[in-house]
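A.B. asks: Output the structure for:
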Amino acid sequence: MTPLRLAARDLYANSWRLVPLNALAGAILVGVAAVAIPVHAAVVLVVLAGPVLAALAHCAVTLVRTGNLRLADGVDGLRLHWRRGLVLAAFGSAFVLLAGVAFHVYAHSALAWPLAFVVVYLVACLSVFQAILWIVAIAEPKRPLTSCASGALGLIVQRPRAAAGLGLALLVVNLAGIAVAVMPFLTLTVAYSFVALAHFALPRPIQEDLA
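C.D. replies: Below you'll find the predicted structure:
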């Protein structure tokens, strides 16, 4: 089974346990987006969502590794990973700011505007890398982030087509959730993305190999 199908199965069985964290993380992200539209520098506030996203990633990792999930796992994830979540979110915010500035500069340049498309391509590649990095970093909390980054990059290099396909699919899923309404984005697609990424990045449990 593909990570997308496995994630759909897991989300169906455990959605009610994941919804509270999804709603909190999604509400923060939507609030930040609303502020960042008139005030671009406010995108740094996404760092506030870091600990909650880390807890959500912890739930995804726990679900993939054990096949079980408790409501208490979200609290455990927040307690264990809030610092790492802040760091990862800060890194992501810096990436968004730099990408936004680069795209704006190149898109409004008479000579360098083709480079804007290069920026979009690099943003897409680095977004997949960052998404996988979240899972690797939360799955191995004692591992230095630089080593986690190397591990995430290694996963992409080993399976570039699968990584690109998963990243594109999750982008479509999240955009569809936002297009339909805010609430599906807050309650479903973020958790689904993390669970799918965990199925991609982590070794498959024995029961999946036998399925």
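A.B. asks: Run through the helices of the protein in chain order.
C.D. replies: In chain order, the chain shows helices spanning 3-36, 50-66, 71-107, 115-139, 145-158, 160-180, 182-184, 190-201, 206-210, with DSSP state H as the criterion.
A.B. asks: With mean neighbour count and mean pLDDT as extra columns, can I get these in CSV?
C.D. replies: Every C-beta, even on glycine, is put in place using the N, C-alpha and C of the backbone. Rendered in CSV, the data for the helices of the chain read as follows (neighbours: other Cβ atoms under 10 Å; pLDDT from 0 to 100):
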stretch, mean neighbour count, mean pLDDT
helix 3-36, 18, 74
helix 50-66, 25, 90
helix 71-107, 17, 85
helix 115-139, 19, 88
helix 145-158, 15, 95
helix 160-180, 15, 86
helix 182-184, 13, 54
helix 190-201, 26, 91
helix 206-210, 9, 49
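A.B. asks: Look up how far Tyr121 lies from the residue nearest to Ala137 when sequence neighbours are not counted.
C.D. replies: What sits nearest to Ala137 in space, not counting adjacent residues and going by Cβ to Cβ, 6 or more residues apart in numbering, is Cys148, at 4.4 Å. The span separating Cys148 from Tyr121 equals 24 Å under the rule Cβ to Cβ, to the nearest Å.
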